[in-house]
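Q: what's the 3D shape of this:
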Amino acid sequence: MIVDLKGRIEDIESWDHSRCLDEWIAMTGVASGSRFSLRFLRKALAFEMQSKELGGHSAAIRRQFRAGAGSVAAPSQAFSPGTQFVREWNGRVYRVKVIEEGFEMDNQSFSSLSAVAKRITGAEWSGPRFFGLNKRKP
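A: I've put the predicted structure just below:
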């Protein structure tokens, strides 16, 4: 059964935007997916397939979603305290340290890497992307 699921998910990569929209509507009954990018739709469809087949999120994660938690994992759970990120920006080297409560730079605490990236650049950035933590497709 898992092998079949893997094959169905791999097939999604060959679908165009129109096919993804049709499958999204068939799977969810919601027609609002037209504004989503092809990349997002493919990931969402793969997630929906896995959820239907394997049961979706755990009860603890569903409780966090219902409670309106901003993120599923706290920064300290994603990175060990003491981990450091280094980024050069406009000729200055910035060092960010993971602490129990989030992140620290220049003796100032931040709740997220995105908040750090905004402090550095003055613009909205994905913190993980700014610090090079996202893997890019070849």
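
Q: can you tell me how far the nearest residue to residue 99 once chain neighbours are set aside is from residue 125?
A: Excluding the flanking residues, the one nearest residue 99 by C-beta to C-beta, 6 or more residues apart in numbering is residue 81, at 5.7 Å. Just so you know, the C-beta spots here come from the backbone N, C-alpha and C atoms, and that holds for glycine as well. Distance of residue 81 to residue 125, given as C-beta to C-beta, to the nearest Å: 23 Å.

Q: any idea of the mean pLDDT in stretch 107-115?
A: Across stretch 107-115, the average pLDDT comes to 92.

Q: neighbour count for residue 81 and residue 125, which is higher?
A: Applying other C-beta atoms under 10 Å to residue 81 and residue 125 shows that residue 125 carries more neighbours, namely 17 against 12.

Q: show me what the lengthiest strand in the chain is packed up against.
A: Longest strand in the chain, counting residues (DSSP state E): strand 92-99. Applying 3 or more C-beta pairs under 8 Å, 6 or more residues apart in numbering; DSSP states H and E, one finds that strand 92-99 contacts helix 75-78, strand 84-89, strand 102-105, helix 113-121.
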